[in-house]
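**Q** sequence first, then the predicted structure, then my questions.
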Amino acid sequence: MPVRDDVGVAGAVDVNNVWAGVGQMFNRTSGFCTGQLINARTVITAAHCVDGIEASAYGGALGGVPIAFGFAPVANREAHMQWRSRGLNNRDWSSDPEALFYNGLQVQSPFDLVSEFTFPGADVALVTLDTPAIGLPTYGMLFSPILENTPVSMVGYGGHGLGLGSNLGIDNKRRTGANMLDGLFTRSQFQEAVFAVPNLDLGGFSNNIPLYHVDFDRPDRDPDDCSRTSSDDLFPNDIVCETPPLTFTYYDRTDVYSTTLVLGNHIDWFPGDAVEGEAGTLGGDSGGGLFVNMGGQDLVIGVLSGGWLSGMFQPSETLYGDISYYAALFQFQNWIVEQDPMIYASVAVGDGVWSNASRWTRELSPGYYHVDDNGVLQNGLWSDAPKTLQEPFDPDGPSFGTIFDTKVEDLPSRKSGTSGETGGTSVEGLSSTADISVTVVSGDAALPRAEVGRNTPPSSGFSIGDSGFVPNNSYGLFGNFTGPASGQVAR
């Protein structure tokens with residue numbers, strides 16, 4: 001996690017263990033990521049941190065691919081090596097609560113992690129721990145969208161560095177920072193605004209699902225250093241910064257003009273000054289939560305998905321000007337609720353048999369929240385949550401923000417209804433000094449903040465108020481829960 005130069009790399013380390021429920025993921029297939037406890041048995045993280053193999057293949061204790069989370073603020077390395085040694089030498093992939101190190105039993109994601117997941121679409125995953133993380137804090141989730149600039153906290157175990165410096169790499173320390181939530185919009189809408197190309201559509205689900213965005217601002221930036229050229233100039237719509245070092249990026253269109261970006265570390269993608277403790281993200285922060293404080297508690301509103309390659313929309317030779325985007329949890333409320341392995345249950349009044357499934361009812365988890373029509377935080381579910389992942393394509397769906405000098409609500413795609421639909425303006429080419437022939441459609445311009453198909457997501461239909469199950473407290477079966485009466489899931 002890069003931080004302001006006046007904070008210093010040591011100043012952002014969570015030495016007081018304030019964020020004790022945020023852990024570092026160790027995955028033998030894809031390196032390091034971050035995740036946070038949403039209950040004592042479940043971590044929410046990013047799907048791209050576990051993609052490339054089937055979700056059902058995870059779980060070292062049952063012969064699958066090992067995965068684990070360490071919750072020490074600065075010293076996960078030793079516990080990780082002990083966990084790895086036990087597993088490789090004795091096939092003992094298990095938790096060590098005294099070391100704050102917990103073994104993962106099961107992974108779940110909305111899409112198949114091999115054939116269907118496309119970064120950063122539906123970039124959320126749940127990991128069930130084999131042992132409850134008793135004594136560690138857990139975080140509620142806010143399932144209604146935030147549609148205004150709001151102070152947020154960011155936490156991660158990723159790379160570190162200073163804004164005017166470079167990525168110094170992962171040192172297994174938990175860092176925390178602050179920022180301002182700048183917007184909710186799609187990657188297609190971001191480039192539509194930046195390049196001033198009406199109805200630009202990068203294509204596909206991953207480019208047209210709304211994401212929460214923040215930028216990493218230089219605190220002493222010159223607000224007049226970067227500006228848009230006017231329609232009277234020879235090359236209109238360029239964004240040009242004055243103070244070197246500068247990075248050149250251009251959008252090449254054969255039918256009209258090219259839009260050139262000349263970027264320096266004074267760039268402010270989303271209007272607003274740096275906040276106290278301002279931070280960005282780097283590789284290894286993926287899956288880390290974006291938190292808002294409401295009602296005196298920290299709630300997760302999203303998990304870190306990624307950002308743009310250095311030299312693309314982030315100036316080279318600096319970390320200031322970086323953009324981070326987060327998968328917004330409100331879009332996955334129903335899937336999370338149906339797949340949540342921690343089930344709160346009540347039983348019918350009177351004598352009965354434990355195994356009588358008709359007597360049990362699923363109750364609301366205390367970790368589910370939404371803001372009601374009166375602006376009051378409530379324990380409950382958001383009634384307008386998307387029922388399927390097709391709904392986020394709605395051009396009139398929730399969104400907000402200003403991208404450099406353009407309000408999201410004023411984008412032609414919002415007004416014409418083309419965003420996320422077939423048609424619009426396709427990308428012909430995007431080039432930069434960092435990679436002179438980048439094809440955005442392939443996703444190469446985007447970078448997951450890890451070390452680095454679309455289909456109907458699986459659904460159990462197991463919702464609040466449902467009956468027809470028996471609490472069994474067992475490990476259950478790998479994969480997604482298939483129904484109240486026909487399957488089990490780790491509890």
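**A** Yep, that arrived. Numbering: from 1, shown residues only.

**Q** what number of residues lie near the closest residue in space to K407 that isn't next to it in sequence?
**A** Once flanking residues are discounted, K407 sits nearest to G401: 7.5 Å by C-beta to C-beta, 6 or more residues apart in numbering. For the C-beta atoms, the positions are set from N, CA and C on the backbone; glycine is no exception. Around G401 there are 25 other residues, counting by other C-beta atoms under 10 Å.

**Q** please apply the same query to the one 5 residues further on.
**A** Counted with other C-beta under 10 Å, the burial measure for T406 works out to 17 neighbours.

**Q** and for M342?
**A** 18.

**Q** so it touches A40, yeah?
**A** Yes - judged on C-beta atoms under 8 Å, M342 makes contact with A40 at a distance of 7.2 Å.

**Q** surely the residue nearest to K407 and D215 touch.
**A** No - counting by C-beta under 8 Å, G401 sits too far from D215 to count as a contact (10.6 Å).

**Q** OK, contacts around the residue nearest to A75 when sequence neighbours are not counted?
**A** The spatially closest residue to A75, leaving aside those adjacent along the chain, is N172, at 7.4 Å (C-beta to C-beta, 6+ apart). Listed by C-beta atoms under 8 Å, 6 or more residues apart in numbering, the contact set of N172 reads 24, 74-77, 157.

**Q** where's the dip in pLDDT among the residues you listed?
**A** On pLDDT alone, A75 ranks lowest of the contacts of N172, at 80.

**Q** count the residues that sit near it.
**A** By other C-beta under 10 Å, the residues close to A75 number 13.

**Q** output the below-cut-off pLDDT ranges for this protein.
**A** 28-31, 231-235, 252-257, 310, 389-390, 392-395, 415-461, 473-491 (pLDDT under 70).

**Q** using CSV, list the CA coordinates for the biggest strand by length in it.
**A** Assignment by DSSP state E gives strand 297-308 as the longest strand of the chain. Extracted C-alpha coordinates of strand 297-308, given in CSV (Å, rounded to 0.1, in the frame of the first residue of the first chain):
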residue,chain,number,x,y,z
GLN,A,297,-18.7,0.4,13.1
ASP,A,298,-16.5,-0.3,10.0
LEU,A,299,-18.5,-1.9,7.2
VAL,A,300,-17.1,-3.5,4.0
ILE,A,301,-18.5,-1.9,0.9
GLY,A,302,-16.1,-3.5,-1.6
VAL,A,303,-13.1,-5.7,-2.1
LEU,A,304,-10.1,-4.5,-4.1
SER,A,305,-10.0,-5.7,-7.6
GLY,A,306,-7.2,-3.8,-9.3
GLY,A,307,-6.0,-0.7,-11.2
TRP,A,308,-4.4,0.4,-14.4
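
**Q** next secondary structure after that strand?
**A** Note on strand 297-308: by DSSP states H and E, the next helix or strand toward the C-terminus is strand 323-328.

**Q** report all helices and strands that that next one contacts.
**A** Using 3 or more C-beta pairs under 8 Å, 6 or more residues apart in numbering; DSSP states H and E, the elements in contact with strand 323-328 are strand 211-215, strand 297-308.

**Q** out of those strands, which is closest to Q108?
**A** strand 297-308 (13.9 Å; C-beta to C-beta).

**Q** and that closest one, what's buried?
**A** Within strand 297-308, the residues that qualify as buried are 298-308, counting by 16 or more other C-beta atoms under 10 Å.

**Q** quick one: which of these is nearest to L168?
**A** The shortest approach to L168 among the buried residues of strand 297-308 belongs to G307, at 17.2 Å (C-beta to C-beta).

**Q** thinking again about what came up before, now the longest strand of the chain and strand 323-328, what's the angle there?
**A** Strand 297-308 and strand 323-328 are oriented at 130 degrees to each other (axes from the mean of the first three to the mean of the last three C-alpha atoms, to 10 degrees).

**Q** for strand 297-308, packing partners?
**A** Short answer (3+ C-beta pairs under 8 Å, 6+ apart): strand 297-308 packs on strand 31-39, strand 42-45, strand 140-142, strand 150-156, strand 211-215, strand 289-294, strand 323-328, strand 446-448.

**Q** that one vs strand 150-156, what angle?
**A** 70 degrees.

**Q** what angle separates strand 297-308 from strand 31-39?
**A** Interaxial angle, strand 297-308 versus strand 31-39 (the same axes, to 10 degrees): 160 degrees.

**Q** quick one: strands adjacent to strand 297-308?
**A** strand 140-142 (parallel), strand 289-294 (antiparallel), strand 323-328 (antiparallel), strand 446-448 (antiparallel) (DSSP bridges).

**Q** buried sites along the second one?
**A** By neighbour count with 16+ other C-beta under 10 Å, strand 289-294 contains the buried residues 289-292, 294.

**Q** list of residues touching it?
**A** If you take C-beta under 8 Å, 6+ apart as the criterion, strand 289-294 is touched by 22, 36, 44, 139, 142, 146, 150-155, 181, 212, 214, 298-304, 326, 369, 371, 377.

**Q** can you tell me how far F248 is from A193?
**A** 19 Å (C-beta to C-beta, to the nearest Å).

**Q** W335 and T406, how far apart?
**A** Taking C-beta to C-beta as the measure, W335 falls 32 Å from T406.

**Q** actually Y369, sorry about that
**A** Taking C-beta to C-beta as the measure, Y369 falls 32 Å from T406.

**Q** give me the neighbour count for the residue nearest to G367 when sequence neighbours are not counted.
**A** Spatial nearest neighbour of G367, excluding adjacent residues (C-beta to C-beta, 6+ apart): G140 at 4.3 Å. For G140, the tally of surrounding residues (other C-beta under 10 Å) stands at 20.

**Q** which residues touch G140?
**A** Contacts for G140 were tallied using C-beta under 8 Å, 6+ apart; they are 38, 297, 299-300, 366-369.
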